[in-house]
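Q: What would the 3D arrangement of this be:
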Amino acid sequence: MMTIDRSSDSSIDGKYWWVEIVTANPQCIYYFGPFQSSQEAQTMGPGYIEDLQAEGAKEIQASIKYCNPKQLTIFEGESC
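A: All right, here's what the predicted structure looks like:
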């Protein structure tokens, strides 16, 4: 299940909607996007989750964030 952070609906401030996926194994945070709307991000999210599952990721949690990530993949160690 994905949660949605609806703190804003505008990209005027340089932020967009992203799918944030956190995995426990490997310990990573992935950002997929950018998207113009939270609905578009929510529609695309399941495909990214399926891809990570196919690659063997475990304990996956996804949410929709309105942000401007500095990195698209953040990892603990070299396993990502």
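Q: Find the centremost residue of this protein, please.
A: Nearest residue to the geometric centre of the chain (CA atoms, centre = their mean): residue 20, 1.8 Å.
Q: which residues touch that residue?
A: Contacts were defined as CB atoms under 8 Å, 6 or more residues apart in numbering; by that measure residue 20 touches 29, 30, 31, 62, 63, 64, 65, 67, 69. C-beta here means a position set from N, CA and C on the backbone, and glycine is covered the same way.
Q: which one of those is nearest residue 46?
A: Proximity of these to residue 46 was ranked by CB to CB; the top entry is residue 62 with 8.4 Å.
Q: in this structure, which spans are strands?
A: Ranges of strands in the chain, per DSSP state E, are 2-4, 16-25, 28-35, 58-67, 73-75.
Q: Adding mean pLDDT, write the ones you listed out as JSON lines.
A: Formatted as JSON lines, the strands of the chain follow (pLDDT from 0 to 100):
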{"stretch": "strand 2-4", "mean pLDDT": "57"}
{"stretch": "strand 16-25", "mean pLDDT": "97"}
{"stretch": "strand 28-35", "mean pLDDT": "97"}
{"stretch": "strand 58-67", "mean pLDDT": "97"}
{"stretch": "strand 73-75", "mean pLDDT": "94"}
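Q: There's contact between residue 40 and residue 17 in this structure, I believe.
A: Yes: when contacts are counted by CB atoms under 8 Å, residue 40 is listed as touching residue 17 (6.8 Å).
Q: more neighbours, these two?
A: residue 17 (25 against 16; other CB atoms under 10 Å).
Q: Identify the nearest residue to residue 29 in space, disregarding sequence-adjacent positions?
A: residue 74 (4.4 Å; CB to CB, 6 or more residues apart in numbering).
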